[in-house]
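# from the sequence below, what's the structure:
(chains A, B, C and D)
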Protein chains: 4
Amino acid sequence: MNKIKIGIIGAGRIGKIHADNLLRIPGVEIIAVSDLFAGPELEAWAASRQIQTVTKDSHELIDNPDIDAIFICSSTDTHVPLIQLAALAGKHIFCEKPISMDITQTEAAIATVNQAGVKLQIGFNRRFDHNFKRVREVVQGGTIGDPHIVKITSRDPNPPHADYIKVSGGIFMDMMIHDFDMARYVAGSEVEEVYAQGNVLINPVFAEHGDVDTAIVTLKFQNGALGVIDNSRQAVYGYDQRVEVFGSKGSVAVANDHPNTAVVSTADAIISEKPLHFFLERYQAAYMEETQIFIDCLLNDKPVPVSGYDGMQAERIALAAKLSSRLGRPVKVSEALDLLKQTSVSQ
Amino acid sequence: MNKIKIGIIGAGRIGKIHADNLLRIPGVEIIAVSDLFAGPELEAWAASRQIQTVTKDSHELIDNPDIDAIFICSSTDTHVPLIQLAALAGKHIFCEKPISMDITQTEAAIATVNQAGVKLQIGFNRRFDHNFKRVREVVQGGTIGDPHIVKITSRDPNPPHADYIKVSGGIFMDMMIHDFDMARYVAGSEVEEVYAQGNVLINPVFAEHGDVDTAIVTLKFQNGALGVIDNSRQAVYGYDQRVEVFGSKGSVAVANDHPNTAVVSTADAIISEKPLHFFLERYQAAYMEETQIFIDCLLNDKPVPVSGYDGMQAERIALAAKLSSRLGRPVKVSEALDLLKQTSVSQ
Amino acid sequence: MNKIKIGIIGAGRIGKIHADNLLRIPGVEIIAVSDLFAGPELEAWAASRQIQTVTKDSHELIDNPDIDAIFICSSTDTHVPLIQLAALAGKHIFCEKPISMDITQTEAAIATVNQAGVKLQIGFNRRFDHNFKRVREVVQGGTIGDPHIVKITSRDPNPPHADYIKVSGGIFMDMMIHDFDMARYVAGSEVEEVYAQGNVLINPVFAEHGDVDTAIVTLKFQNGALGVIDNSRQAVYGYDQRVEVFGSKGSVAVANDHPNTAVVSTADAIISEKPLHFFLERYQAAYMEETQIFIDCLLNDKPVPVSGYDGMQAERIALAAKLSSRLGRPVKVSEALDLLKQTSVSQ
Amino acid sequence: MNKIKIGIIGAGRIGKIHADNLLRIPGVEIIAVSDLFAGPELEAWAASRQIQTVTKDSHELIDNPDIDAIFICSSTDTHVPLIQLAALAGKHIFCEKPISMDITQTEAAIATVNQAGVKLQIGFNRRFDHNFKRVREVVQGGTIGDPHIVKITSRDPNPPHADYIKVSGGIFMDMMIHDFDMARYVAGSEVEEVYAQGNVLINPVFAEHGDVDTAIVTLKFQNGALGVIDNSRQAVYGYDQRVEVFGSKGSVAVANDHPNTAVVSTADAIISEKPLHFFLERYQAAYMEETQIFIDCLLNDKPVPVSGYDGMQAERIALAAKLSSRLGRPVKVSEALDLLKQTSVSQ
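Residues are numbered from 1 along each chain as shown, chains lettered A, B, ... in the order given. Have a look, this model is predicted:
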């Protein structure tokens, strides 16, 4: 069996995580890494991992005939052109979420991928979390009957930096997009309509960028189920990631993960551990698994578990939510794109 | 100290629960009970409790000068006239929820009570539940800072009979009204706007009466917090009553109560007990406590903990939710009554 | 149906609990109460409960032909003579644990009861606790197969007063006797041998009276199962009452009860409630139930659920544990009484 | 920084786990592996990991001047001679537990190690488990005050093969030895005396080899604390590994780990996941960590966290437990070796 040869575009935090995970998979070789800010530090990092090429120019990777697959971990605005170039060059692609913040561009990228016949997997890592996988399994297995209510809680331990907030695309596209994908994943049904409420309760900086830091979105699914997602940019007790699906024959709920099971009982209180701090701790194994599965799909020519279509659907729901929040009314996912064109809402 | 003398109007299930709870309070005497269907069975029940008068005519109780306070446990449509007559007769009043299904009438009843200077307590029993009281205490104590998100789960183990569904006033007025009161209670703030989604997923009989059996309502509070309530008429695993308040400094969450703490571990599974089956089991102590506190307020001339105003506010939110569900858009609580007049929605 | 007429000997804390529970049972009347320290306070207490006779002389109750049953709630040293007198007078008897601290006397008391043909129930209230009943049920139902290991944790929130320690009979007879009964109850088998370890770790006053404040006792059951009980006189976090039975097909474990299910999450910690403080809070319902069942046994001439034999067996295990602790070796329950006679260990 | 070069003696399951963990540590190289049953399969395994030398002769590794450290993962009877040879050859040593089943030999091995000035770490992997580390930290940090009671539950999901039982050294030396080490680790104190009870309740094959399959051992610690360990060779619900330390100021308890947090609620039951199946699943991270720390101790010349002395102490407690079980009386750890010589108990 030949080695799968990988190029990584964007060597920030998430790019490095993928790289280290890839290096733990037998039969995978990382040929090259590109980053706009490549320098001695990145070169040292690459050297310690036997990655031979470090460059500022992502095209070098795309043009490299030895490379089988590209991991796109650069900023969101670069995703679409990189996907298209990589696809045209016959590379398989793993791309971080979201594909873009412009549905029309996302559609174009997916079209190119489809024409090129390469694989494209989107980085919805949470689908590979042990808890959420189990929710999906239980629902799919019929144990809880038809889904009636889907509830997703997703709160970050602390807000991003102010300069990131500016370019994040807003809470719905940047943060809740994971939960929109989760909703589709666990409900096994498409979202038809959303109603979004938001407020700025944590930091006025969100208001400055037309964003909110606290949001609740209700969902109507094609299969008749209702759903609700709540997001907060700051849960002081740590990363809060829970899902519950309630159905005609029962419910399945998953709680947070914790660093240990210790319960300390004193005269003052019964104390247990806070949840695993943030996504790096909580989704460590999920990141590993999404990478392993992607490689497995390449090696055995299987369909990827999170497609470009999945990426696009989550973006469409996010857009509908953003519009709903601005317009103060429920918005159908199918009308979002037209509605956008008719309004002054910047996507 | 003289005895408090009570008359009970309506000797159905809830009237009898109140009666038995009252009989456990030293210094309380039940003088009379009235019920439209009074007969030998009720007479035997009353005799075994040393209740001397049993009548079909509620006016007998209202006219009885020995009676200090009236418990109104008859059907909802009788509440307003009975409150008004009892108040004019100088009786203190404990009335089951809702006061009525017509806000204008509810307002009139409260006005009469205020003019008469009698006490009126509404039967929002869940405020006296050990779990929800603790949520309120934690929020009021400032431990979790400013409330940002209020989440209420409230699911019945099985739907009411079809003939009750017809006259119930619908899921928002009949079932979720408890949760609207709970929302105000734990958030410590008024609800300004609601958006209601509902669907018929359990039994088509709900659709026949223009009702739904599954609903999610989002809330905007005056203090900026957001909220969400989910209701189902049928949780096959039992009565599901949970509340969570998330705030700037943390969160407080309460789970269901169970008949015991047993965990059985076998080769097949780890199994624990289902929740306490329904409201009689879950709120047994809460019913006792609301009654004790009402009596204490009479004995010591203290303001009641759940006023007519509280009853009316919950009804106004329920009305707004009903309108939102019909109109498919968010509805402000303040506009609900006017909106009702403009629409064909029957209250 | 005639009323059951009760006399209560000993109106301390536990006597008053039984009285108030009895008064809540339809068809029960308390005729008289006796206490060595009867005075105006007790008279007022009795008057408020319509108990007509208050006396210092327990014989007045035993001689009263109107009384059907006697509750013996006086100090342990009075139990045997009172049981015997009451039995000879044809009264049914409810007696607090232990029957006595002298197995020979206990045997004599039981013999008298048997000859008189009256009922005698011993106050092992924990058998009526919702959690422990469930353990028993699961074991008896065969779900966990043959019991292999029985584990009982029983820790008080704080030690008794020094003057009580002196006359308590020691940790095994005073405190662990409940757990010895629990062991027999949940294992469904007799204890054959014990090995007791103890130490004084909380307060030297225990050493002054030849007692210990911390103890672990291992058990061998007739059915081959092994067991262990741990006791502490001071768990600063509150009353700790847990049981686990492990068997060939699984295990059943019960945890503590708590005043509510609230979990408070802050930047510092995840905090839940301490257990219900002490036996009055934890076993409130169990006290009620043991009394109701006793009355039911009288009314319907059924065998009592906790017999004199059960009381004696627990005492014999406690004696064996006491001897084991003193002798530093395992002691068979069957040899305890003989061993006692051969040694200088005061019972 | 030079690479640490490792030789692995014994390439069974545990040897391979250590090898794969070592290969994940930067700066570590495995030079050679020896196994009595080395053949094409092991050669392929080694080749896929770039391990150049595969041999049947462990002495080849000990004589190899390139090797810095030896992992001894062969059968227990080979440990002492291999430790001594490796130490004399100047190699650092990681040795699986127990060092031997003969305290005198264990002492000899440790003496050789000390004279040679090499490092010896014993494979008590559970010390590196996230839960048990936290227990140790909480106790050491003083949060629960002075330890009074130590409780350890340790049950395997299924018994070993009959041919292993024969040579295992018995439940105390083979299985409970981990718990004896855990007791010392969490209590922060030496064990002075044990009393062991055992029975054959699962499979008569244990009796054939003079062994038991179910055991409870009580402990007295030097610091006055009491302890209890229960072991079963077969918990049908899975690997049960729990620890609780109770002290003057509170308690700390850790529960099992589970594959996910899913709770499934149906009309029948509330069901959660069984514990992680066995030691490979439960202690995966702990195995990794003990290896990393050993390598770190070599690289930075630090004392190892689990010394030969720790290994010997656990063996001495296990011997005392074995003798106690046979003699039916408590045995002091200090008298075990002399007692062994006086008795016919085979070690």
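# for the rest of this, base every contact and every neighbour count on C-alpha atoms.
OK.
# quick one: distance of the strand or helix carrying residue A:265 to the chain centre.
Take DSSP states H and E as the rule and residue A:265 turns out to sit in strand A:263-266. Centroid displacement of strand A:263-266 relative to its chain, using Cα atoms, centre = their mean, to the nearest Å, is 37 Å.
# what bridges to residue A:8?
residue A:33, residue A:71 (DSSP bridges).
# these two touch, right, it and residue A:17?
No. If you go by Cα atoms under 8 Å, residue A:8 and residue A:17 don't touch, sitting 10.9 Å apart.
# so which of those two has more stuff around it?
Neighbours were counted for residue A:8 and for residue A:17 using other Cα atoms under 10 Å in any protein chain shown; residue A:8 has more, 27 against 16.
# can you pull the buried residues of the one helix or strand in chain A whose mean pLDDT sits lowest?
None of the helices or strands of chain A scores lower by mean pLDDT, DSSP states H and E than helix A:336-342, at a mean of 90. Across helix A:336-342, burial judged by 16 or more other Cα atoms under 10 Å in any protein chain shown covers A:336-337, A:339-340.
# among those, which one sits closest to chain D?
Among the buried residues of helix A:336-342, residue A:336 lies closest to chain D (Cα to the nearest Cα), at 34.7 Å.
# these two touch, right, the closest one and residue A:324?
No. At 9.0 Å, residue A:336 does not count as touching residue A:324 under the criterion of Cα under 8 Å.
# got any ranges where the stretch 151-300 of chain A has weak pLDDT?
Within the stretch 151-300 of chain A, no range satisfies pLDDT under 70.
# where along it do the helices fall?
A:162-167, A:171-174, A:176-187, A:205-208, A:279-282, A:284-299 (DSSP state H, counting those that start in this stretch).
# would you turn those helices into a markdown table with distance to chain D?
Formatted as a markdown table, those follow (distance: least, Cα to the nearest Cα, whole Å):
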| stretch | distance to chain D |
| --- | --- |
| helix A:162-167 | 32 |
| helix A:171-174 | 26 |
| helix A:176-187 | 13 |
| helix A:205-208 | 34 |
| helix A:279-282 | 12 |
| helix A:284-299 | 12 |
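# would you turn the ones you listed into a markdown table with distance to residue C:242?
Converted to a markdown table, the helices of the stretch 151-300 of chain A look like this (distance: least, Cα to Cα, whole Å):
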| stretch | distance to residue C:242 |
| --- | --- |
| helix A:162-167 | 51 |
| helix A:171-174 | 46 |
| helix A:176-187 | 38 |
| helix A:205-208 | 50 |
| helix A:279-282 | 33 |
| helix A:284-299 | 36 |
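# can you tell me which of those is nearest to residue B:144?
Among these, the nearest to residue B:144 by Cα to Cα is helix A:205-208 (21.7 Å).
# chain center to the closest one, what's the gap?
23 Å.
# does chain B have contacts with it?
No. Judged by Cα under 8 Å from any Cα of the partner chain, helix A:205-208 makes no contact with chain B; its nearest approach is 14.0 Å.
# what's in contact with that helix?
A:162, A:165, A:200, A:212-213 (Cα atoms under 8 Å, 6 or more residues apart in numbering or on different chains).
# widest-spaced pair of those residues?
A:162 and A:200 (14.0 Å).
# which of the two has more neighbours?
The neighbour count for residue A:162 versus residue A:200, taken as other Cα under 10 Å, is higher for residue A:200 (20 against 14).
# surely that one touches residue A:214?
Yes. In this structure, residue A:200 is within contact of residue A:214 by Cα under 8 Å, at 6.2 Å.
# need the residues touching each of these two.
By Cα under 8 Å, 6+ apart, no residue touches both residue A:200 and residue A:214.
# helix or strand for residue A:45, just tell me which one.
Going by DSSP H and E, residue A:45 is in helix A:40-47.
# how is chain A partitioned into domains?
Annotated domains of chain A cover A:4-118, A:127-282+A:312-342 [automatic domain parsing].
# pick the most deeply packed of these.
With neighbours defined as mean count of other Cα atoms under 10 Å in any protein chain shown, these peak in mean count at domain A:127-282+A:312-342, which reaches a mean of 21.
# mind checking the end-to-end distance for that domain?
Length of domain A:127-282+A:312-342, first residue to last, Cα to Cα, to the nearest Å: 34 Å.
# which residues touch the spatially most distant residue from the centre of chain A?
Farthest-out residue of chain A from its mean C-alpha position, per Cα atoms, centre = their mean: residue A:267, at 43.3 Å. Applying Cα under 8 Å, 6+ apart to residue A:267 gives the contacts C:236-238, D:249-250.
# what does it show for phi and psi?
phi -60, psi -20 (degrees, to the nearest 10).
# where's the most centrally placed residue in chain A relative to chain B, distance?
Residue closest to the average C-alpha location in chain A (Cα atoms, centre = their mean): residue A:124, at 3.5 Å. For residue A:124, the distance to chain B (Cα to the nearest Cα, to the nearest Å) stands at 26 Å.
# contacting residues for that residue?
A:96-97, A:178, A:181, A:306.
# who in chain A is up against chain B?
Counting by Cα under 8 Å from any Cα, the residues of chain A near chain B are A:148, A:197-199, A:201-202, A:214-216, A:218, A:224-228, A:234-237, A:247-250, A:328-330.
# take these and keep only those in strands.
A:148, A:197-199, A:214-216, A:218, A:226-228, A:247, A:250 (DSSP state E).
# elements contacting the helix ranked longest in chain A?
Selection of the longest helix in chain A by residue count, based on DSSP state H, yields helix A:308-327. Packing partners of helix A:308-327 (3 or more Cα pairs under 8 Å, 6 or more residues apart in numbering or on different chains; DSSP states H and E): helix A:103-116, strand A:120-122, helix A:171-174, helix A:176-187, strand A:191-199, strand A:331-332, helix A:336-342.
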